[in-house]
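Engineer: Got a sequence here, can you build the structure:
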Amino acid sequence: EFSVCSSDKLILLDSLLQEKMSRLLPSTLLRTVSRSRSFPSYNFSTSSHCCQYKLEPWEEIYTAHQIDPSEPTFGKVLIANRGEIACRVIRTCQKMGIKTVAVHSVADSMGLFVKMADEAINIGPAPARDSYLVMDKILAAVEQTGADAVHPGYGFLSENTVFVAELEKAGVKFIGPHSKAISEMGDKLASKRLATLAKVNGIPGYDGVIENVDHCVELSKEIGYPVMVKASAGGGGKGMRIAWNDEEAAMAFRLCSEEAASSFGDDRMLVEKFVDSPRHIEIQVLGDKHGNAIHLNERECSIQRRNQKVIEEAPSPFLDPPTRAAMGEQAVRLSKDIGYDSAGTVEFLLDSQKNFYFLEMNTRLQVEHPITECITGVDLVHQMIRTAYGHPLKLKQEDVGIRGWAFENRVYAEDPTKDFGMPSIGRLYKYEEPKSISGVRCDSGIEEGSEISMFYDPMICKLTCYGATREEAIATSITALDSYVIRGVTHNIPLLRDVLTEPTFNSGTFTTSYLQETYPDGFQGVQLTQEDSVAISSLAAVIHCKEAERARLRLNETKLKADRTPSARNLVVEVKGEKVALKVVKKVGSYTVEGPAGSVEIVDNFTLADSVIDSQLNGESLVAQLIKRDPSGQLRIRFKGTALNCMVWPAEAAALLDIMPVKVPVDTSRVILSPMPGVVKSVAVSVGDAVGEGQECAIVEAMKMQNSLSSGVTGVVKAVHVKPGDTVEEDQVLLEIE
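Structural biologist: Model prediction:
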């Protein structure tokens, strides 16, 4: 691997590099390097890799249509994206024998997708607006590398018709639908009209563009609350809000239009009836350039926060065969009417009576496509490449069935206790995916040492788990989440695991309001039962004993023998404010822990260095992770997804706790803190202004989402510490109120 830079300011360095390389590299390779430095428009940095693809165990799922090595296809594909979706596309390209090109920002230069690709092009600074969203840089990279096709992934330029048109002018294939379909379906107003013409069920609403705030409020009252205010060119949950009254409708219009302008460059808004008790179910479609189109069943996407999906599953536990067939038929009919010729998704809302209404069509590969692949055996990226090249679909509708069940758990670098997920940033100093578990698929674009930055979506991995039944797939998901090691950032595994064990979710009777209804006061981590408290306190006591035994041997190795360990240790363990006295006795191959609830036995089959503790308590599975321990006796243990602080004291030390001074927590009611790392978009108050409880004081943008920050008290602004454009950290003080 080598890197070559082209810049007038680096002529001296370049000549020295040439001299050095001339001693190390063959002359033919050196000439190739020299040619790669010459490009008229951009001073790109390029690198080349030699990649040998290794099949993952889960790839056995692809049984519906095997790759035919004799079938003509593209020679080189450039992936105009980053992270896990770039890795996903590269994986299928390599199996098809297609060379790949990755484009990356400076921040992604060491990304996993860059290492996987055959070639890599540095296209600029970290912000997406200066790299991944700059069409000219992507087009220049296509020309420089000689790629004959581009896969856009999702997001960024994946639904940009100008980009598709420019590729067509250059004679480069776009691995996706034709530009007319993107244009028609990307505009929510136009897509609703076309869906109506195709006799697809629609939601009542205003078939036009909202003029201003007053117009939005007027239309909302005519349609009847609740209403959904959303961006015409929106997607991915951005630029969408529910309004239940006039005041919320006005705020929704203002915030959504700002988000839409920031994310899509189009602030046109529409308003429609919000279907009460809705379920969000989408149909995967696949078309070709020969007029063929099929559907690959549905995906249940109702578990959402802020209109962004958290857990998806396929098939849906709500649909019956007649409803599934009707939805599939309408999705295929719409696809054929617009001449759709790639993979796409038709999204519907369903009410409690299984009436379904067209929501939108996403003209790209969806984030959640792996669960469809698991239950159908179809490699969607393979099919996209084939149809883009011009091959007709070999699959018929009757070839598509439902094989088992699959869940996708979106693992994000987010704090789920803050509005179900506020972004977290940092470097992954320890990272282990649960790939060894049967029925587990990990789609990620990171590895140990990777950094989660504020510039991009905070997704860590799409953890897909599948099995013969829904119950089996849920059980596999829980095991995988318990075994997933992520250190360095806060993540949402606690929420994902809790949802998977919750009765309403397991019954399949949830709606898109599930998170708000299940956790009305927000998610606060796992709620421990009596059995859970016994398990975690007993494990903490055993860990304390193992550390004490190790320290004893290490410090007194030449003086004491291992068999002189105390026969029993009396400890006090505190978990979530509850203290319990325990007696721990070490036996051969196990520990016995005695407490007020009785006696339990924990198998001694782990060390303190293990990333995952996989033991047994009274014959039942006990899985946990020891995240941290310190000399004060505090342990941080991840148990049932949630990281818990556990204090362990010898009984003699615990007896002195009552006379220790208590630290008074800081009062934060009169300060406004940033809930996440981001950029200040606006500050609505100044020093000396009177503010009321609930009044908006500032807006912070993170991951292109606008977050309104309001005062929690009535008072006068004492200090303003930020201005629009400032970058802020999580919990940074923005304003003070007295």
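Engineer: what sits against I672?
Structural biologist: Counting by CB atoms under 8 Å, 6 or more residues apart in numbering, I672 touches C697, A698, L709, S710, S711, G712, V733, L734, L735, E736, I737. (Each C-beta comes from the backbone N, C-alpha and C, glycine too.)
Engineer: Buried subset of these as a PyMOL selection?
Structural biologist: PyMOL command restricting those to the buried ones, with burial defined by 16 or more other CB atoms under 10 Å:
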select buried, resi 697+698+709+711+734+735+737
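Engineer: Pick out whichever of the contacts of I672 sits closest to E166.
Structural biologist: A698 (39.0 Å; CB to CB).
Engineer: Surely the closest one and S686 touch.
Structural biologist: No: between A698 and S686 there is no contact under CB atoms under 8 Å: 11.5 Å.
Engineer: before we move on, the earlier item: just the ones of the contacts of I672 in strands?
Structural biologist: Using DSSP state E, C697, A698, L709, S710, V733, L734, L735, E736, I737 are the members of these that sit in strands.
Engineer: Can you tell me how far the last one is from R333?
Structural biologist: Shown here: I737 relative to R333, a distance of 57 Å by CB to CB, to the nearest Å.
Engineer: Quick check: which element contains E547?
Structural biologist: Secondary structure from DSSP states H and E places E547 in helix 530-555.
Engineer: Quick one: mean pLDDT for that helix?
Structural biologist: Throughout helix 530-555, pLDDT has a mean value of 90.
Engineer: after it comes which helix or strand?
Structural biologist: Downstream of helix 530-555, the next assigned helix or strand under DSSP H and E is strand 568-575.
Engineer: Show me how far that following strand is from its chain's centre.
Structural biologist: The chain centroid and the centroid of strand 568-575 are separated by 39 Å, computed with CA atoms, centre = their mean, to the nearest Å.
Engineer: now it and helix 530-555, what's the angle there?
Structural biologist: Per axes from the mean of the first three to the mean of the last three CA atoms, to 10 degrees, the angle that strand 568-575 makes with helix 530-555 is 130 degrees.
Engineer: same for strand 568-575, what does it pack against?
Structural biologist: Under the contact definition 3 or more CB pairs under 8 Å, 6 or more residues apart in numbering; DSSP states H and E, strand 568-575 sits against helix 530-555, strand 578-587, strand 642-650, helix 651-654.
Engineer: does the closest residue to A190 other than its chain neighbours count as helix, strand or coil?
Structural biologist: Spatial nearest neighbour of A190, excluding adjacent residues (CB to CB, 6 or more residues apart in numbering): E184 at 5.1 Å. Using DSSP: H, G, I helix; E, B strand; the rest coil, the structure places E184 in helix.
Engineer: Of the ones in strands among the contacts of I672, which is the nearest to I90?
Structural biologist: Nearest to I90 among the ones in strands among the contacts of I672, counting by CB to CB, is L709 at 39.9 Å.
Engineer: Surely the closest one and Q732 touch.
Structural biologist: No: counting by CB under 8 Å, L709 does not reach Q732; the two are 11.5 Å apart.
Engineer: list residues touching both of these two?
Structural biologist: S674.
Engineer: I'd like to know how many residues surround the residue nearest to A190.
Structural biologist: By other CB atoms under 10 Å, the residues close to E184 number 20.
Engineer: Where does pLDDT dip in the stretch 601-738 of the chain?
Structural biologist: Within the stretch 601-738 of the chain, the ranges that satisfy pLDDT under 70 run 666, 703-704.
Engineer: what about the strands in it?
Structural biologist: For the stretch 601-738 of the chain, applying DSSP state E, counting those that start in this stretch gives strands covering 613-617, 620-629, 634-639, 642-650, 671-673, 678-683, 690-691, 696-702, 705-710, 715-720, 727-728, 733-737.
Engineer: just the stretch 301-450 of the chain next, same as before
Structural biologist: Counting by DSSP E, counting those that start in this stretch, the strands of the stretch 301-450 of the chain are 308-314, 343-350, 356-362, 405-412, 414-415, 422-423, 426-427, 430-432, 440-444.
Engineer: re earlier: what angle sits between the helix holding E547 and strand 634-639?
Structural biologist: Using the same axes, to 10 degrees, helix 530-555 lies at 130 degrees relative to strand 634-639.
Engineer: May I see the buried residues of helix 530-555?
Structural biologist: 533-548.
Engineer: can you check stretch 279-297 too?
Structural biologist: Result for stretch 279-297 [16+ other CB under 10 Å]: buried residues 279-289, 292-297.
Engineer: for the record, mean pLDDT for it?
Structural biologist: Here the average pLDDT along stretch 279-297 is 97.
Engineer: What of stretch 455-469?
Structural biologist: Across stretch 455-469, pLDDT averages out at 95.
Engineer: Identify each buried residue in it, please.
Structural biologist: Using 16+ other CB under 10 Å as the test for burial, stretch 455-469 gives 455-467.
Engineer: and that stretch, how far out from the chain's middle?
Structural biologist: Using CA atoms, centre = their mean, the offset of stretch 455-469 from its chain centre is 7 Å.
Engineer: okay, how far is it across that stretch, tip to tip?
Structural biologist: 39 Å (CA to CA, to the nearest Å).
Engineer: Ok, stretch 185-205 next?
Structural biologist: Distance between the two ends of stretch 185-205: 17 Å, counting by CA to CA.
Engineer: can you pull the buried residues of it?
Structural biologist: Result for stretch 185-205 [16+ other CB under 10 Å]: buried residues 185-189, 191-192, 194-195, 198, 200, 203, 205.
Engineer: which one of the residues you listed sits closest to G111?
Structural biologist: In terms of CB to CB, no member of these lies closer to G111 than G186, at 27.8 Å.
Engineer: So the closest residue to the closest one other than its chain neighbours: helix, strand or coil?
Structural biologist: Distances taken as CB to CB, 6+ apart put E159 closest to G186, at 5.0 Å, once the chain neighbours are dropped. Under three-state DSSP, E159 falls in the coil class.
Engineer: For N292, see how far away E313 is.
Structural biologist: In terms of CB to CB, E313 sits 28 Å off from N292.
Engineer: Just want the angle from whichever strand or helix holds I90 to strand 440-444.
Structural biologist: In the assignment (DSSP H and E), I90 maps to helix 83-95. In terms of direction (the same axes, to 10 degrees), helix 83-95 departs from strand 440-444 by 110 degrees.
Engineer: how far does helix 83-95 sit from the chain's center?
Structural biologist: Its chain's C-alpha centre and that of helix 83-95 lie 17 Å apart, by CA atoms, centre = their mean.
Engineer: I figured S263 hits S257, correct?
Structural biologist: No: judged on CB under 8 Å, S263 makes no contact with S257 at a distance of 11.0 Å.
Engineer: So which of the buried residues of stretch 455-469 belong to strands?
Structural biologist: Among the buried residues of stretch 455-469, the members falling in strands (DSSP E) are M459, I460, C461, K462, L463, T464, C465, Y466, G467.
Engineer: what sits against the first one?
Structural biologist: Contacts for M459 were tallied using CB under 8 Å, 6+ apart; they are G83, E84, R410, V411, Y412, A413.
Engineer: which residues does it bridge with?
Structural biologist: On the basis of DSSP bridges, M459 is bridged to Y412.
Engineer: any idea how far I699 is from it?
Structural biologist: Using CB to CB, M459 is found at 24 Å from I699.
Engineer: do the fifth one as well
Structural biologist: Using CB to CB, one obtains 32 Å as the distance from L463 to I699.
Engineer: before we move on, what about the last one?
Structural biologist: Between G467 and I699 the distance, using CB to CB, works out to 44 Å.
Engineer: Helices along the stretch 201-350 of the chain, start to end?
Structural biologist: Using DSSP state H, counting those that start in this stretch, the helices of the stretch 201-350 of the chain run over 213-223, 246-264, 321-337.
Engineer: closest to F505 out of those helices?
Structural biologist: helix 321-337 (20.6 Å).
Engineer: so where's the chain uncertain?
Structural biologist: Applying pLDDT under 70 to the chain flags the ranges 1-53, 234-237, 554-566, 666, 703-704.
Engineer: For the residue most central in space within it, give its distance to I425.
Structural biologist: Within the chain, one residue has its C-alpha closest to the average C-alpha position: by CA atoms, centre = their mean, that is M459, at 3.1 Å. Distance from M459 to I425, counting by CB to CB: 13 Å.
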